[in-house]
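1. task: produce atomic coordinates for the following.
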Amino acid sequence: MDSRPAKASIRRVHDALRGYGIVPRIREYPESTRTAAEAAAAIGTSVERIVKSLVFATGDGTIVILASGVNRVDTTRLSELVGRPIKRADPDRARRDTGFAIGGVPPLGYPRPLPVYVDRDLLQYDEVWAAAGTPNAVFPIVPKDLVRVSSGQVVDIKDR
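-> Prediction:
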């Protein structure tokens with residue numbers, strides 16, 4: 001998508017990517033890309049290459065996990081990394097703190113900086129696909145750029 005998208009949430013992702021010097025290649029689909037499996041099917045790629053954005057509450061804070069679509073997050077390990085108990089954020093909190101609805105949470109473009117943790121497994125691919133602000137919009141990104149634009153900390157977070 002070369003021109004600015006019509007939807008405000010996708011525009012925020014588009015503009016944030018441009019701010020990092022990345023030419024946005026956002027794709028909108030008629031079908032849902034809300035889950036990793038739906039996104040992989042729509043794009044025509046493997047679920048491993050889908051960036052699953054998970055929002056967790058840490059008491060009064062919020063963190064975002066960018067995980068490979070096939071991996072389950074080890075919440076005990078995550079809690080240890082964060083240094084406090086965590087739980088999945090409810091939809092209202094996720095929207096309030098990220099600015100996006102669950103199913104469309106991108107790796108960047110939040111109203112304020114949030115701690116982001118990136119699943120090390122994503123780094124093995126030449127390109128991965130992340131949500132672009134709505135449950136039917138995604139964009140491809142090189143994993144090293146994913147880490148850069150999210151200011152993410154790369155961690156081993158998958159449940160074994």
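
2. buried residues in the lengthiest helix in the chain?
-> Across the chain, the longest stretch assigned as helix under DSSP state H is helix 8-19. Within helix 8-19, the residues that qualify as buried by neighbour count (16 or more other Cβ atoms under 10 Å) are S9, I10, R11, R12, V13, H14, A16, L17. C-beta here means a position set from N, CA and C on the backbone, and glycine is covered the same way.

3. let me see the contact set for A37.
-> Taking Cβ atoms under 8 Å, 6 or more residues apart in numbering, we find A37 in contact with V47, G69.

4. quick one: it and V47, what's the gap?
-> Here the criterion is Cβ to Cβ, to the nearest Å. By it, A37 lies 6 Å from V47.

5. who touches both of the two?
-> G69.

6. ok, and the closest non-adjacent residue to A42?
-> Leaving aside its chain neighbours, A42 sits nearest to Y29 (4.5 Å; criterion: Cβ to Cβ, 6 or more residues apart in numbering).

7. I misspoke; the intended subject was V142.
-> In space, V142 is closest to E127, 6.1 Å off (Cβ to Cβ, 6+ apart).

8. tally up the residues packed near the one you found, please.
-> Neighbours of E127 under the rule other Cβ atoms under 10 Å: 12.

9. and T35, by the same measure?
-> Neighbours around T35, by other Cβ under 10 Å: 15.

10. residues in contact with the residue nearest to V142?
-> Counted by Cβ under 8 Å, 6+ apart, E127 has contacts R49, P140, I141, V142, P143.

11. of these, select the buried ones using a PyMOL command.
-> In PyMOL, a selection of the buried entries from those looks like this (16+ other Cβ under 10 Å):
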select buried, resi 49+140+141+143
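
12. no further queries at this time; thank you.
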